Every structure is written in C-alpha cells, then in structure tokens.
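>>> here is my input, please return the structure:
(one chain, ligands or ions: 1)
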Amino acid sequence: MPDAPGGGRWWETAVGYEVYLRSFADGTGDGTGDLPGLIDRLDHLEALGIDVVWVTPFMPSPGADHGYDVADYRDIDPPFGTLADFDRLVAEAHARGIRVLVDIVPNHTSSEHPWFLDALSGPASNKRDWYLWRDPAPDGGPPNNWVSYFGGPAWTFDPVSGQYYCHLFLPEQPDLNWRNPDVRAAFDDILRYWLDRGADGFRIDVAHSLLKDPDLRDNPQLSEIPPGADPMNAFLSFQHLHDMDQDDNPGIFRRWNTIAAEYDALLLGEIALDDFERVRRYTDGGDALHRVFALRTTWMAWNPAYVAESVRDLATTVGPGVAWAFSCHDQPRPVTRFGGGVRGAERTMVLSALSLALDGMPFLYQGQELGIGDGEPLTGIREDPIAVRNEGAAGRDGCRTPMPWAEGSQNGFTTAPTAWLPSRARPSAETVEGQRSRDGSWLERHRELLGLWRRVRHLADRPAELLPTDDDLMIIARRGRLVAIANLSEHPADAAVPEGDWSVVFSSRDGVGERTVEGAVVVPAESALLLRG
Ligand code: NOJ
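Next up is the predicted model:
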C-alpha cells in the first residue's frame, strides 16, 4: 500500500469515506447492505479518489442498535457476509489502493455477548467484574444519576442478583469495565485479530467514555430535565464529569498505539467532547489516537459565525488530530442542516474543499458526494432505537436511508422488493448513475476536487496555518504550497493572497479552471477556492 507522498505516515494526506454498511449496497438481494455489495462498489470509491474506508460494524449482533451491540468480536454477522468476504474486501480494496478501517465497539457489548451472559449468572462469575455492577441506592433506585444517551437511566436492574448494571446506551448494550485488566487484554487480542486479517486500523466507537469514575459518583446536574425531554436534552441537563472523558482515559489508547504501530495501522476515535482542549489530549504527541472525530462539525447548523469559529478552534487546538467529517450516520446530513437543496450542498462543498488545506483527515459520508440531503423513510417506518423508544424523538433514520445508485423504486440499492429501511425513491438527479459523467454534477465536482487533491497533495509539505483575516467569515488556510480560501458570508469578498505566484486550481462554485492570481482574489459568496503555489 502507498505511503504518504514525501514519506510521512499514510494517513497524513489520506481522504476517508464512511460506509454505513447496511445502507450502502446489497450484494445478496436480501434488502440489507453487505460486504459483497461493498466489494461490488469499490470502483465507485476508487473513481472518487478515496484512500481509506471506514466500514460500520459487521460483527454478529442482535441488532438492538444496528450493529453497535456486538455479540462476537471475531466474526461476521451472516446478513453482512462471511470472514471470507471480509478477506476479499481487504484484498480488493488494497488492489485499488484503498485501506479498510474496522469499526470496533469497546465501550459496551451486546447483552447477548457470552461475556455478559456469564456475568449475569451472578457475582461469582469470573466475568462479573468485566461489567459495571452496583447495589441499588437506598430507595431501591439506580445507584447514581447517570442518564443513557438513548433515554432513561443508565442503569438496569437485574432481579436475579439484586444489582444494577450500567449502560450509557441501551439496556441491551451493557458497559464494559475498562478498569479490569482482563478486559484490556481481551481487546488487545481482538485488535490483533483484525490487524492480522489485513485491516488497516480502527474507527473506535465511544472512545471518550471507556473509563468511568472509579466511585461512579453522581454527575452535577445543570438544570431540571424538562418533562417529555428527548434523550439528548436529558443528557445535556448534566455535566458529564464522571461518566465520560476521565483523565486517564487516553492511556488506553497509548497501549493500543503500540499494537497499531506494529502494523502501521490508524487509530481513529470517536471523541464526542465539545471542549477541544480535552479532545487534544487524545492525539497530542501521536502516541495515543492518531485522528479523532470531534463531532461538532457533524451536528452544527449553518450559522456562519459559529461554523467559522468551530473550524478555527478545531484546527488551532487539535490540528493534525482532526478527522474532518461534516456528515455521519448519527446526524442529519449537512445539506439538510445547512439549508437544504443546492444551497445546502454548496455550503457543504465549501467545507470539504477547505478541509484539504487543513491538517488532519478529510472524511466523506456515503452520499455526500451526491450533494444529497436526508432521505425519507416511508410513512410509519422507524428503525432507529432512539426514535422507536422515545415518543416524539426524530431519530437517525433520515441520514441512514439506502445509498441511491440509480433511478428506480429501490434506487439500485437492492434487487429485493424492499430495503431494510424502506424509503421514498430518489430522483435520477440524486443518484450515482444520474450524476456520473454529467458536467457540473455534485459527483463530478467531488471527483474533480479529490482528483486534484491527489495531484497536488505532495505540495502540502508543511504544517497548516490559518492566516489572519479582518473578516470573521473568511478562513484562509495555508498548508505548504497549497492555500484554501473559504468565504462563508452571503456576499462576495476580497481575500488577500499570500506573497508569491499562486494559481486558483479549484473553485467550489464552478470546479476547476486554472488562473493565476496576485495580491488579492474575489471569493464568491459561500464558496471556497483552492490555490497552488
Ligand atoms: C456512536 C455510533 O456512531 C452510534 O451509531 C451508536 O449508536 C453509538 N456510538 C453507540 O454505540
């Protein structure tokens, strides 16, 4: 597999792509996306210019949280394929110069994992301490005030032993006890298992929360939980001092880092913290995680001042550690969040172009290359447990509808009569086939952008810096002999070009069209330019 141009680590100039496997491509005709379907579509990713693909969980799972509840860390869930399919995925991806990241879920297992079934057998089980158990509070209720991300308390009572177990997500996702050395050793082996099979690294789920406060103390409560609050509002009513981001949490990844180093593998953690100084601890020094999803960029709406401030803060505080994702399978798509339609898509493209001139790793979520907003599940269909279990909560189905490959009732996603998440068909203009080779389509513009990146990324040979601007809505990033200028305002504006000879090589408004510039350049409203020196 190729190194980074200039001999750096391979991820320093790589572009990533998230595949939400069950919605990407169905290769077996049962209505669910799978590994054979992904293999069939690798050519699309290669033509797009992707270097590394993160594949959402495919391990055996009862599916309470669509795969984020793992019952066996060393196999493939039959609807997704077999271990032989995984091996073929790695081989076929590598043959195209694409690396593969496995989504590892270490914060919790499925309640049907043999470890938890053993732990449930009682306090004498040698797996009991692999999970977090506590006696009830004096009133018989949960041992502390922690709430689950998915609604209700983070504790479920086990009538057999008379104790509660902890789960930051669903009761079907009991949290592991990362203070137990046997849990750490078990995951060392799991990491090696996938690396030995050829994986190029991991996307690490809920990496910010593996360790909890040793005494499981109450979180300070910031406000009353409003009656009928959705899970996120309930969650935000607390300061999460004790259930997430403990001071010693990054240490777990220092241990993983030594394993990853043996394989030249990438550790990309989900660090869902909004305090970027705290985020920085996970990547600083490069001896823990290599890259993080800090998540704000995946949920922020189009408030240009806030978007600009968030990008600046992340770039200056976390810098090379950032994986620049503006979209993922947990939040409405950016086109939808940024105002919808062409406007939402143009705004998303500004950030995608800008991220190439920032240190870190640009990431796309499947369908982002088509400039599409959220899909529409058919009336009455709800799959996401957040929506199913909480009256009135929107849930995450809209960003998870099947990838539109072609026109037709199932958009070329499956040959089955219906998909796992039945959704309204998208028009041809929102599909891969409808956009391929069509001048100016979102797909072609993304291909131009990433194709250009491949040709010029050797010029990104210095750490990125943000150049000063008088205008808060103008971001100018310089990375070696590459510059990106993003104008987030609704008006065209002049931007100063650094001294020297520069040519505009990409405009998010109208694609490529090389021209030299000197002194200053006019940047159209809500657009980005890329310049090479
Ligand atoms: C984050 C994942 O992205 C999300 O889909 C999942 O529900 C939670 N972690 C729990 O594993």
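
>>> ok so Ala484 is a strand residue?
Yes: counting by DSSP: H, G, I helix; E, B strand; the rest coil, Ala484 is found in a strand.

>>> verify the stated contact: it with Val350.
No: counting by Cβ atoms under 8 Å, Val350 is not a contact partner of Ala484; they are 9.4 Å apart. The C-beta positions use only the backbone N, C-alpha and C, and glycine is treated the same way.

>>> which residues are common contacts for these two?
Ala528 (Cβ atoms under 8 Å, 6 or more residues apart in numbering).

>>> what about Tyr306, how many neighbours?
Tyr306 has 13 neighbours, counted by other Cβ atoms under 10 Å.

>>> for the remainder of this discussion, apply numbering that starts at 149.
Sounds good: first residue 149 from here, last item Tyr454.

>>> so what's it up against?
Met448.

>>> what's the separation between it and the ligand?
23 Å (Cβ to the nearest ligand atom, to the nearest Å).

>>> try Val490
Applying Cβ to the nearest ligand atom to Val490 and the ligand gives a distance of 29 Å.

>>> in the helix or strand harbouring that residue, what counts as buried?
Here Val490, judged by DSSP states H and E, is contained in helix 489-503. For helix 489-503, burial by neighbour count (16 or more other Cβ atoms under 10 Å) applies to 492-503.

>>> am I right that Ile187 is in a helix?
Yes: counting by three-state DSSP, Ile187 is found in a helix.

>>> who in the stretch 249-398 of the chain is up against the ligand?
Within the stretch 249-398 of the chain, the residues that sit near the ligand (Cβ under 6 Å from any ligand atom) are 253, 317, 353-354.

>>> compare those and tell me which is most surrounded.
Phe317 (26 neighbours).

>>> what about Ala413, how many neighbours?
So Ala413, with other Cβ under 10 Å, has 23 neighbours.

>>> give me the beta-bridge partners of the closest residue to it other than its chain neighbours?
Nearest residue to Ala413 in three dimensions, chain neighbours excluded: Gly349, at 4.0 Å (Cβ to Cβ, 6 or more residues apart in numbering). Beta-bridge partners for Gly349, by DSSP bridges, are Leu414.

>>> circling back to that earlier point, save the residues of the stretch 249-398 of the chain next to the ligand as JSON lines, and put in secondary structure and pLDDT too.
As requested, those are exported to JSON lines (DSSP: H, G, I helix; E, B strand; the rest coil; pLDDT from 0 to 100):
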{"residue": "Val253", "secondary structure": "coil", "pLDDT": "98"}
{"residue": "Phe317", "secondary structure": "coil", "pLDDT": "98"}
{"residue": "Asp353", "secondary structure": "coil", "pLDDT": "98"}
{"residue": "Val354", "secondary structure": "coil", "pLDDT": "98"}
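
>>> list the contacts of the closest residue to the ligand within the stretch 149-298 of the chain.
Closest to the ligand within the stretch 149-298 of the chain is Tyr216: 3.3 Å, counting by Cβ to the nearest ligand atom. The contact partners of Tyr216, taken as Cβ under 8 Å, 6+ apart, are 205, 209, 253, 317, 321, 353.

>>> so where's the chain shaky on pLDDT?
Applying pLDDT under 70 to the chain flags residues 153-154, 659-661.

>>> interface residues of it facing the ligand?
So far as Cβ under 6 Å from any ligand atom goes, the chain lies against the ligand at 213, 216, 253, 317, 353-354, 418, 477-478.

>>> can we see that at 8 Å?
Contact residues (Cβ under 8 Å from any ligand atom) of the chain with the ligand: 204, 213-214, 216-217, 253, 255-256, 297-298, 316-317, 321, 353-354, 418, 420, 476-478, 533, 544.

>>> picking that back up, count the neighbours of the residue nearest to Ala413 for me.
26.

>>> over to Asp191?
11.

>>> need phi/psi at Met622.
Per-residue torsions, Met622: phi -110, psi 130 (degrees, to the nearest 10).

>>> and it, what is it in contact with?
633-637, 641, 643, 671.

>>> now do 10 Å
When contacts are counted by Cβ atoms under 10 Å, 6 or more residues apart in numbering, Met622 touches 456, 615, 633-637, 641-644, 671.

>>> find the closest residue to the ligand in the stretch 449-598 of the chain.
Counting by Cβ to the nearest ligand atom, the stretch 449-598 of the chain gets nearest the ligand through Asp478, at 4.8 Å.

>>> do I have it right that that residue meets Ala420?
Yes: between Asp478 and Ala420 there is a contact at 9.4 Å, judged by Cβ atoms under 10 Å.

>>> now for these two: what residues contact both?
Joint contacts of Asp478 and Ala420 (Cβ under 10 Å, 6+ apart) are 441, 443, 446-447.

>>> in TSV: the contacts of Met622, plus distance to Ala625.
Converted to TSV, the contacts of Met622 look like this (distance: Cβ to Cβ, whole Å):
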residue	distance to Ala625
Ala456	12
Leu615	7
Ile633	8
Ala634	8
Asn635	13
Leu636	13
Ser637	17
Ala641	16
Asp642	17
Ala643	11
Ala644	13
Val671	13
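
>>> hmm, which of the residues you listed are the buried ones?
Of these, these count as buried by 16+ other Cβ under 10 Å: 456, 633-637, 641, 643, 671.

>>> and the strand or helix carrying Arg351, how far from the chain's centre?
Secondary-structure assignment from DSSP H and E places Arg351 in strand 349-352. With Cα atoms, centre = their mean, to the nearest Å as the basis, strand 349-352 stands 10 Å off its chain's centre.

>>> please apply the same query to stretch 502-519.
11 Å.

>>> please save the CA atoms from it in CSV.
The C-alpha trace of stretch 502-519 is given here as CSV (Å, rounded to 0.1, in the frame of the first residue of the first chain):
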residue,chain,number,x,y,z
LEU,A,502,-11.4,23.9,2.9
SER,A,503,-10.6,20.8,4.9
LEU,A,504,-8.0,19.7,2.3
ALA,A,505,-5.8,22.7,3.2
LEU,A,506,-6.1,22.0,7.0
ASP,A,507,-4.0,19.4,8.8
GLY,A,508,-5.9,16.2,9.6
MET,A,509,-8.0,13.9,7.5
PRO,A,510,-11.0,14.9,5.4
PHE,A,511,-13.9,12.4,5.6
LEU,A,512,-17.0,12.0,3.5
TYR,A,513,-20.1,10.0,4.5
GLN,A,514,-21.7,7.9,1.8
GLY,A,515,-23.9,10.0,-0.4
GLN,A,516,-22.1,13.2,0.5
GLU,A,517,-20.5,13.1,-3.0
LEU,A,518,-24.0,13.4,-4.5
GLY,A,519,-24.9,16.6,-2.6
